[in-house]
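Chemist: sharing a model prediction with you, sequence too.
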Amino acid sequence: MGMPKLFLIPSLFFLALASASPCKVTRRGLSGDLIIRGTVLTSEAALANATILVHTPSGKIAYVGDGCDSGLRAVDASVIECGHSIISPGFINTHEHIEFSTVNPLSDIGERVDHRHDWRVGARGHTLRAAPVNGSEINATAWGELRHVFSGTTSIIGGQMVPGLARNLDFISGLEDGLTAPAAYWDVFPLDDALGILRNGDCNYGSTPIDRETAGRFNRYIAHVGEGVDAEAANEFACLSNMTYDTLPATSGGGRSTDIVAQNTALIHALGLSTADFDKVAARGAKIVWSPRSNVFLYGKTLNVSYLLEAGITVALGTDWLPSGSATLNREAVCGASVMRESYGVALAPKTLWEMMTINAAKVAGFEDKLGSLEVGKMADVVIFNGEGEKELADYDESDAFAQAVFGNEKDIELVMRGGRILLASDGIKDLAAETCETLSFDGTNKIVCVSNELGSTFEEFEAFLEGVYPARLPTIPPQEPTCEPTR
Ligand SMILES: *[C@@H]1O[C@H](CO)[C@@H](O)[C@H](O)[C@H]1NC(C)=O
Ligand SMILES: *[C@@H]1O[C@H](CO)[C@@H](O)[C@H](O)[C@H]1NC(C)=O
Ligand SMILES: *[C@@H]1O[C@H](CO)[C@@H](O)[C@H](O)[C@H]1NC(C)=O
Ligand SMILES: *[C@@H]1O[C@H](CO)[C@@H](O)[C@H](O)[C@H]1NC(C)=O
Ligand SMILES: *[C@@H]1O[C@H](CO)[C@@H](O)[C@H](O)[C@H]1NC(C)=O
Ligand SMILES: [Zn+2]
């Protein structure tokens, strides 16, 4: 207002230069295949000046290497040159309650509790923290999948699904792009304790708890166990890991302990487990889903994940849900790194966190043959970070390519691709985006978003319809983010 127009022009020009995108389309081919060059993250190392080939129409990776293979020249592929940008497998979020994506994060009333039933049902004199689904559950689910896709997550285990957008690894109809492996099974109340049942010394929970035989039938059985810091939380693990802990049936059904801890099981939270319990988890090859932000916000602390890693346990990250967790997997990684330093004096390697968001997560979900790494024959699920934005964790080595991917801001994403299909691209890649894509601003940085085919409307229309709910575009630090500051 009132400012002469001339003053604005030079600064806008400067901004346009400063946000120039590092990825560029340097060749348009006719085969539909795509060559992408940049720094490729693999389980061995970050490979500078590397090349991947995405095959069409299979949507799979057909080549990973230095790009000198003469066969590459024979395919009439388009080429995206990404310089020093970081090419990572798309992230896999192993724990979400995705239908809560239109609910604002809970306010911090300063109360930390000992068990999930304390806040869920207001047990033992604690404040009930209700967070009901806000509006249409299916629209909230689509909204949540969009939020995760925009931040580089291409697969989720979220308990609810919509077709398209993120792969839903817990629904056969949500696997997408011809994936046919069995879906994971996801359980919030393995002990049938939804009413808020707390036990110590026996297993008299609900009448229909999980049993060893049923859990054993799933390719993956992923369940909330021991979400709390007290004896009642530890008791849940005893009831699920020891056949002789309680052999007395309850008259109303249930009441006996079982033992489900096996290679096909993953325990979500597991905050109440002792080191001896984790030794058993390790010995059985069971896995752990780690949600540090939600743990810290609700219970004031999280796991010593170093102990789990040293014991050889496969640990994967999950965001839990919007009311108490991270809005994106990157923000979960930021929290995981900071709480491990603060609570345990441990500097987790960025590569370790990256594994928790990619290959370990694929193992938890039972999709390690198809997803979780950039390897020939796997699905071309890809996220590319340009490494430009300032990282919050200043003490990490800026040149660490893994750090640039795990701590990257959404704003700095160049490409998100699921099964070879572009879902989000930076301006420099827009020539390869379909005509149905739309241009959206992420904090002043334009991105091309290609979701309308799968969403059934443009993103902008959907965003206007849901006006007032928690945003799905989160260019930098998400608003109202629950604290990751441990209190015990
Ligand atoms: C990558 O390519 C650039 C430009 O061609 C070159 O300067 C750099 O040394 C290469 N890096 C590696 C690790 O090969
Ligand atoms: C539910 O959505 C409405 C917009 O439709 C929003 O104003 C409100 O804050 C949301 N409620 C919560 C608890 O997030
Ligand atoms: C299983 O439970 C029984 C009965 O409480 C106990 O004696 C035994 O030590 C437990 N086993 C393990 C491995 O914790
Ligand atoms: C955390 O685990 C590491 C690895 O086992 C161990 O060295 C350290 O003492 C543990 N820290 C605490 C506070 O338990
Ligand atoms: C879901 O969102 C669409 C807009 O994309 C809207 O037309 C529809 O009514 C919504 N469904 C419900 C149940 O609110
Ligand atoms: Zn949960």
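Modeler: Structure received. Ligands and ions are numbered 1, 2, ... in the order given.
Chemist: count the residues that sit near the residue of the stretch 351-488 of the chain found nearest ligand 2.
Modeler: Closest contact between the stretch 351-488 of the chain and ligand 2, by C-beta to the nearest ligand atom, is at residue 468 (3.4 Å). (C-beta placed from N, C-alpha, C; glycine too.) The criterion is other C-beta atoms under 10 Å. On that basis, residue 468 has 8 neighbouring residues.
Chemist: pretty sure it sits in a helix.
Modeler: No - per DSSP: H, G, I helix; E, B strand; the rest coil, residue 468 lies outside any helix segment and is coil.
Chemist: look up phi and psi at it.
Modeler: Torsion angles at residue 468 (phi, psi; degrees, to the nearest 10) stand at phi 100, psi -10.
Chemist: would you mind writing the CA trace of stretch 312-321 as CSV?
Modeler: Presented in CSV, the C-alpha positions along stretch 312-321 are these (Å, rounded to 0.1, in the frame of the first residue of the first chain):
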residue,chain,number,x,y,z
GLY,A,312,19.7,-55.3,16.0
ILE,A,313,16.0,-54.4,16.0
THR,A,314,14.5,-53.0,12.8
VAL,A,315,13.2,-49.6,13.8
ALA,A,316,11.0,-47.5,11.5
LEU,A,317,9.5,-44.0,12.0
GLY,A,318,5.8,-43.2,12.1
THR,A,319,4.1,-39.9,12.6
ASP,A,320,1.2,-41.3,14.7
TRP,A,321,-1.4,-38.6,14.2
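Chemist: quick one: mean pLDDT over that stretch.
Modeler: Average pLDDT, stretch 312-321: 98.
Chemist: wait, does stretch 309-328 contact ligand 4?
Modeler: Yes - using C-beta under 6 Å from any ligand atom, we find that stretch 309-328 touches ligand 4 at residue 310.
Chemist: touching ligand 2 at all, that stretch?
Modeler: No - Stretch 309-328 lies out of reach of ligand 2 by C-beta under 6 Å from any ligand atom, never closer than 8.5 Å.
Chemist: which one's the longest helix in this protein?
Modeler: When the chain is parsed with DSSP state H, its longest helix is helix 329-344.
Chemist: now residue 384, what's its secondary structure?
Modeler: At residue 384 the chain is in strand, as set by three-state DSSP.
Chemist: about what we covered before: so which elements touch the longest helix of the chain?
Modeler: Taking 3 or more C-beta pairs under 8 Å, 6 or more residues apart in numbering; DSSP states H and E as contact, the helices and strands that helix 329-344 lies on are strand 91-93, helix 292-299, helix 305-310, strand 315-317, helix 350-357.
Chemist: test for you: state the pLDDT assigned to residue 392.
Modeler: At residue 392, the pLDDT value in this model is 64.
Chemist: ok, residue 23 - contacts?
Modeler: Contact partners of residue 23, counting by C-beta atoms under 8 Å, 6 or more residues apart in numbering, are 38, 80-83, 85, 384, 386, 414-415, 426, 428-429.
Chemist: can I get the residues you listed in TSV including distance to ligand 5, neighbour count and secondary structure?
Modeler: Listed next are the contacts of residue 23 as TSV, based on distance: C-beta to the nearest ligand atom, whole Å; neighbours: other C-beta atoms under 10 Å; DSSP: H, G, I helix; E, B strand; the rest coil:
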residue	distance to ligand 5	neighbour count	secondary structure
38	35	28	strand
80	31	28	strand
81	36	16	strand
82	33	24	strand
83	38	15	strand
85	33	27	strand
384	29	30	strand
386	31	26	coil
414	28	28	strand
415	25	28	strand
426	26	26	strand
428	30	21	helix
429	26	23	helix
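Chemist: lowest-scoring secondary structure element of the chain by mean pLDDT?
Modeler: For the chain, using mean pLDDT, DSSP states H and E, the weakest element among its helices and strands is helix 5-18, scoring a mean of 37.
Chemist: give the rounded mean pLDDT of stretch 458-467.
Modeler: Summarised as a single mean, pLDDT over stretch 458-467 is 98.
Chemist: anything in that stretch near ligand 5?
Modeler: Yes - applying C-beta under 6 Å from any ligand atom, one finds stretch 458-467 touching ligand 5 at 462, 465.
Chemist: any idea how far that stretch is from the middle of the chain?
Modeler: In terms of C-alpha atoms, centre = their mean, to the nearest Å, the centre of stretch 458-467 is set 23 Å apart from its chain centre.
Chemist: list the buried ones in that stretch?
Modeler: The neighbour-count check on stretch 458-467 (16 or more other C-beta atoms under 10 Å) flags 458-459, 462-463, 466 as buried.
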